[in-house]
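Trainee: need a 3D model of the sequence below.
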Amino acid sequence: MNESRITPKGIIDDAIGMIGKMQESAFPLDVFPVRIRTIILKMHEYLNFPIDYTACSMLCAIATGIGNTHILRFKKGWNAKCIIYMALVGRPGSNKSHPLKAAFKPFFNFDREQFQRFTGELRNYERIMNLSRKERMAQGYDICPTPPVRTRFLVSDITQEAMAKAIYENPRGICLFMDELQGWINNFNRYNKGSEEQFYISLFNGSNYMSDRKGSMNNIHIDNPFSNIIGTIQPKILADTFKGSKSNNGFTDRILFAIPQIQDKPYWAEDDMDTAYYNEWDRIISKLIRMEISKDENNRTVPIILEYESEARNRIMEWQHRWADMSNTEESDRKRSIYSKFETYIHRFCLAIQLGKWLCDEASKDRIDIDTVDKAIKLVEYFKDTALQVLSLIQSELAPKQQELLDLLPEQFTRAEGLKIAEQLELSASTYDRFLKALSKNGYLDHKHGNYKKRDDKMIN
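Mentor: Take a look at the predicted model:
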């Protein structure tokens, strides 16, 4: 089904994939254009940024830059926006925040400039409002001047009402940027029970938003809301936070999880990274930031519409049939719920990947091509695996790779004997040792003097 690997492009993609595996990353780096891959690898080499965190942050950054400027039309009445909810999952000290901030730095710079402009306009507005009606007329001002609007891409630590206002004022779209996602989720029940959680579930769909609450946001109506969400979270906090209703109502399933295979703290690199790579990323994202969004006579956003090429459409239909068959044979309702969301996400991935290729002059943005669909399928597989890891964490079960290793291990084995089996699963020695430690800690293995034995009471037929 996939393109033959015996091509220049196939050879390059294979090489990129090998580099990712050498760095013990499961993220499919070849979904990005060469320019972006290079930046990710340089940040990993010189700054110790885990590939998964940088790549996923950049994916969300591209999606944020796209916002409401482009949509993908799959069928009549079935349009996909580039809305992404992303969580970077890692232990303390696993270097989550720095890649996230680096990926979104161009937006921070833009927002800073816009804030300075906004504060100047606000001071002038307040000066005018302090004038009498007669003075405003005499000086040529409107009797009722329009207050300035703060243009921006990013918001943080925000209430539901303020979030709605920010989306309303920025029809192109915004991103909720939270260094610690726990704070965002803990705020859901600050003022009311459950409504804020439902608000973000609704925003995920990008459908019309209306609010009739009293106060400054009374009677607000947003035709075409767009909001991404990204932040970091620790595994234990994630497990505690997403247990219960958030896991059962589909809220968790809407979030993509970036989880590096190895989260050990590496040694610092001796050399500095060339600032040219920062500048290159800034140029790539700035191309999106500078993009104007069209509006109709009623001031409503008019996005550019992309559709699938015929070959690409056939490929994604074939994928969906296989995906539906897998989902239909799955007995776990929780896993079926997870799988169903990827039928939404795959179109969003296609839009982000196609525009990413356009940003780097590797493709046009007229239509979604078959190469983009193949890459989106790789992203689905990556995020499916991380979603199952999170599900295992929440339900205190084994992750799929851990279960696979445990099933293959004999009833009794030494570390060296088990390592040979782990290598067959393409697990490194450090990942294998970490798995052994987790399996022993959770009671799946008894361990004594380098010898391991499976516990019969924990084995599942």
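
Trainee: okay, now Glu292: neighbour count?
Mentor: Residue neighbour count, defined by other C-beta atoms under 10 Å, stands at 7 for Glu292. The way it works is simple: take the backbone N, C-alpha and C, and place the C-beta from them, glycine included.

Trainee: oh, that last question was meant for Asn279, not what I typed.
Mentor: The criterion is other C-beta under 10 Å. On that basis, Asn279 has 10 neighbouring residues.

Trainee: does anything pack onto the helix or strand hosting it? Which helices or strands?
Mentor: Taking DSSP states H and E as the definition, Asn279 sits inside helix 275-289. The elements that helix 275-289 packs onto, with contact taken as 3 or more C-beta pairs under 8 Å, 6 or more residues apart in numbering; DSSP states H and E, are helix 34-47, helix 51-66, helix 97-129, helix 333-359.

Trainee: give me the contact list for it.
Mentor: Applying C-beta atoms under 8 Å, 6 or more residues apart in numbering, the contact partners of helix 275-289 are 35-36, 38-39, 42-43, 58, 61-62, 65-66, 69, 102-103, 105-107, 109-110, 153, 355, 359-360.

Trainee: kindly supply the ChimeraX command isolating those of those that are buried.
Mentor: Buried members of those can be picked out in ChimeraX with the line below, counting by 16 or more other C-beta atoms under 10 Å:
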select :35,36,39,42,43,58,61,62,65,66,69,102,103,106,107,110,153,355,359,360
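
Trainee: what segments of the stretch 201-350 of the chain are strands?
Mentor: Read by DSSP state E, counting those that start in this stretch, the stretch 201-350 of the chain holds these strands, from start to end of the chain: 209-211, 220-222, 227-233, 255-258, 294-295, 301-302, 304-308.

Trainee: want to throw those strands into a markdown table with distance to Met178?
Mentor: Output for the strands of the stretch 201-350 of the chain, formatted as a markdown table (distance: least, C-beta to C-beta, whole Å):
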| stretch | distance to Met178 |
| --- | --- |
| strand 209-211 | 20 |
| strand 220-222 | 21 |
| strand 227-233 | 3 |
| strand 255-258 | 12 |
| strand 294-295 | 30 |
| strand 301-302 | 25 |
| strand 304-308 | 29 |
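
Trainee: count of neighbours near the nearest residue to Thr431 once chain neighbours are set aside?
Mentor: Taking C-beta to C-beta, 6 or more residues apart in numbering, and ignoring the residues beside it in sequence, Thr431 has Gln261 as its nearest neighbour in space, at 5.7 Å. For Gln261, the neighbour count with other C-beta under 10 Å is 19.

Trainee: same thing with Glu426?
Mentor: With neighbours defined by other C-beta under 10 Å, the count for Glu426 comes to 11.

Trainee: per-residue pLDDT, it?
Mentor: At Glu426, the model reports a pLDDT of 83.

Trainee: over to Thr119?
Mentor: As predicted, Thr119 sits at a pLDDT of 95.

Trainee: check Asn461 too.
Mentor: Among the per-residue scores, Asn461 holds a pLDDT of 30.

Trainee: check the secondary structure at Asp446 for me.
Mentor: Put simply, Asp446 is strand when judged by DSSP: H, G, I helix; E, B strand; the rest coil.

Trainee: partners of it in the sheet?
Mentor: On the basis of DSSP bridges, Asp446 takes part in beta bridges with Lys453.

Trainee: which residues does it contact?
Mentor: By C-beta under 8 Å, 6+ apart, the residues touching Asp446 are 440, 452-455.

Trainee: if you set the cut-off to 10 Å instead, what comes out?
Mentor: Residues touching Asp446, when contacts are defined by C-beta atoms under 10 Å, 6 or more residues apart in numbering, comprise 412, 440, 452-455.

Trainee: how far away is it from Arg455?
Mentor: 6 Å (C-beta to C-beta, to the nearest Å).

Trainee: so for Gly77, which of the strands of the stretch 201-350 of the chain sits nearest?
Mentor: Judged by C-beta to C-beta, the one of those that comes nearest to Gly77 is strand 304-308, at 12.7 Å.

Trainee: helices and strands around that closest one, which ones?
Mentor: The contact analysis (3 or more C-beta pairs under 10 Å, 6 or more residues apart in numbering; DSSP states H and E) places strand 304-308 against strand 70-75, strand 78-80, helix 310-328, helix 333-359, strand 367-368, helix 370-394.

Trainee: among those, which comes closest to Pro235?
Mentor: Taking the helices and strands packed on strand 304-308 one by one with C-beta to C-beta, helix 370-394 is closest: 6.0 Å.

Trainee: where does the protein dip in pLDDT?
Mentor: Per-residue confidence for the chain (pLDDT under 70) gives these ranges: 1-24, 189-194, 211-219, 244-249, 396-397, 456-461.

Trainee: any buried residues in stretch 119-139, and which?
Mentor: Along stretch 119-139, the positions that meet the burial threshold by neighbour count (16+ other C-beta under 10 Å) are Arg136.

Trainee: burial count for Arg283?
Mentor: Applying the criterion other C-beta under 10 Å, we find 13 residues in the vicinity of Arg283.

Trainee: what residue is smack in the middle of this protein?
Mentor: Nearest to the mean C-alpha position of the chain, counting by C-alpha atoms, centre = their mean, stands Met86 at 3.2 Å.

Trainee: now do the SS call for it.
Mentor: Counting by three-state DSSP, the backbone at Met86 sits in strand.

Trainee: what bridges to it?
Mentor: Counting by DSSP bridges, the residues bridging with Met86 are Ile230, Leu256.

Trainee: might one say that it is in contact with Leu59?
Mentor: Yes: at 7.6 Å, Met86 counts as touching Leu59 under the criterion of C-beta atoms under 10 Å.

Trainee: need the overlap of contacts for these two.
Mentor: Common neighbours of Met86 and Leu59, counting by C-beta under 10 Å, 6+ apart, are 230, 256, 258.

Trainee: wait, the last one sits on Pro50?
Mentor: Meaning Ala258. Yes: in this structure, Ala258 is within contact of Pro50 by C-beta under 10 Å, at 8.4 Å.

Trainee: intersection of neighbour lists for these two?
Mentor: Among the neighbours of Ala258, those also in contact with Pro50 (C-beta under 10 Å, 6+ apart) are 27, 56, 88, 90, 96, 99.

Trainee: for the nearest residue to the fifth one once chain neighbours are set aside, grab the count of nearby residues.
Mentor: Using C-beta to C-beta, 6+ apart and skipping residues adjacent in sequence, the residue nearest Lys96 is Thr232, 4.0 Å away. Summarising burial for Thr232: neighbours were counted as other C-beta under 10 Å, giving 24.

Trainee: check the one 4 residues further on too.
Mentor: For Lys236, the neighbour count with other C-beta under 10 Å is 11.

Trainee: now do the contacts for it.
Mentor: Shown here is Lys236, whose contacts under the criterion C-beta under 10 Å, 6+ apart are 91-92, 393.
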